[in-house]
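Asker: have a look at this fold, sequence not included:
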């Protein structure tokens with residue numbers, strides 16, 4: 001039997017937040033797009049994706065964030081210069097916690113959201 005090799009290693013992500021309104025505003029401002037409310041057993045707000053049925057996507061939900069800077073790190077795509085997105089992180093209550101890192105596919109930085117969730121922005 002051959003190994004299963006998916007199109008994407010990640011298929012969905014969830015970010016626990018203590019204040020949905022604040023988190024929606026933060027991620028909407030940083031990513032420059034709106035999150036979509038979703039129906040479910042708890043309030044959720046889905047990150048924008050050009051085709052949510054085929055792309056890796058995720059959402060915010062009311063929950064207990066891990067201790068600051070711990071847990072997994074999801075890297076989120078931003079448009080425009082990375083430096084402008086970094087400014088949006090800072091202005092909207094998050095923190096940049098690394099220098100810009102260059103890899104063949106692009107550039108990114110590590111950040112913390114207002115709840116202390118670790119995430120990266122990638123351009």
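Answerer: Structure's in. What do you need? Just so we're clear, the structure is a prediction, and the values are computed from it rather than from any experiment.

Asker: those strands in this protein, which residues are they?
Answerer: Listed in chain order, the strands found in the chain under DSSP state E are 12-17, 36-38, 44-46, 57-62, 74-77, 95-96, 101-103, 106-112, 118-122.

Asker: got the contact list for stretch 89-108?
Answerer: Taking Cβ atoms under 8 Å, 6 or more residues apart in numbering as the criterion, the residues outside stretch 89-108 that touch it are 22, 25-26, 29-30, 69, 75, 82, 86, 109-114, 118, 120-123. For glycine as for every other residue, the C-beta is placed from the backbone atoms N, C-alpha and C.

Asker: which of these count as buried?
Answerer: When neighbours are counted using 16 or more other Cβ atoms under 10 Å, these contain these buried positions: 26, 29-30, 82, 86, 109-114, 118, 120-123.

Asker: and these, which two are the farthest apart?
Answerer: Of all pairs drawn from these, the one with the longest distance (Cβ to Cβ) is 114 and 123, at 21.4 Å.

Asker: for the spatially most central residue of the chain, give me its contacts.
Answerer: When the chain is reduced to its mean C-alpha position, the nearest residue by Cα atoms, centre = their mean turns out to be residue 76, at 4.7 Å. Taking Cβ under 8 Å, 6+ apart as the criterion, residue 76 is in contact with 27, 30-31, 47, 119-122.
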